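[1] Here you go, sequence then predicted model.
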Amino acid sequence: MGTGSVIRPGDVQRMSAGTGVTHSEFNASPTDLVHFLQIWVLPDTRGYAPSYEQKHFTEADRQGKLRLVASKDAREGSLIIHQDASLFASLLASGERVAHALSSGRYAWLHVAKGKVEVGGETLSAGDAAAFEQAGEIAIVAAEPSEILLFDLA
């Protein structure tokens, strides 16, 4: 497709391989370590044309709130994904709380990228995750400065 980019903190990149694409990732720095999450979401239909999109979400965009960063309909300035899913990103200061209302028939997946949070009476640290299957409020409180991703899934 002829695209190339550098991914920086706060960037969300979406690549749909679709009918076929060649790609690679590498750390361009000879001295600095890289830490990023690569998440695969199966599309709702086969045969999409290959496509690529990248957007930066500032710290202010994500601080103390669940900021929609990817969705099926690209609402609220999010990247488009080919699945009935919404991906939220958040940066939380110690003691800060965010909540998500999970609708009936939906599922959620919480991933802690950095820090430590409390949810549903459990403490989750960086690299931990939790699944939710029941409708209701998912309340997340940062036990220390944290970065989280929350997936709302069909």
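    Everything's here; your move.

[2] ok, and for the lowest-mean-pLDDT helix or strand in the chain, which residues are buried?
    Sorted by mean pLDDT, DSSP states H and E, the helices and strands of the chain end with strand 11-16, the least confident at a mean of 86. By neighbour count on 16 or more other CB atoms under 10 Å, the buried set for strand 11-16 is 12, 14, 16. Yep, even glycine has a C-beta here, placed from its N, CA and C like the rest.

[3] Dump that strand to CSV, keeping only the CA atoms.
    The C-alpha trace of strand 11-16 is given here as CSV (Å, rounded to 0.1, in the frame of the first residue of the first chain):
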residue,chain,number,x,y,z
ASP,A,11,-1.2,6.7,18.6
VAL,A,12,-3.7,4.1,17.5
GLN,A,13,-3.0,2.5,14.2
ARG,A,14,-5.4,0.2,12.3
MET,A,15,-4.4,-2.0,9.4
SER,A,16,-6.9,-4.2,7.7
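
[4] hmm, back to that, could you dump the buried residues of strand 11-16 into JSON lines with distance to S51 added?
    Below are the buried residues of strand 11-16 laid out as JSON lines (distance: CB to CB, whole Å):
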{"residue": "V12", "distance to S51": "14"}
{"residue": "R14", "distance to S51": "8"}
{"residue": "S16", "distance to S51": "5"}
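
[5] so which of those residues would you say is closest to G47?
    S16 (10.8 Å; CB to CB).

[6] returning to what we had before: elements contacting the least confident helix or strand of the chain?
    Using 3 or more CB pairs under 8 Å, 6 or more residues apart in numbering; DSSP states H and E, the elements in contact with strand 11-16 are strand 51-56, strand 67-71, strand 79-80.

[7] Quick one: mean pLDDT for stretch 45-64?
    In this model, stretch 45-64 has a mean pLDDT of 92.

[8] Would you mind listing the buried residues in it?
    So for stretch 45-64, counting by 16+ other CB under 10 Å, buried means 52-53, 57, 61-62.

[9] low-confidence ranges in this protein?
    Residues of the chain meeting the criterion pLDDT under 70: 1-4, 18-21, 23.

[10] Run through the helices of it in chain order.
    Listed in chain order, the helices of the chain (DSSP state H) span residues 59-62.
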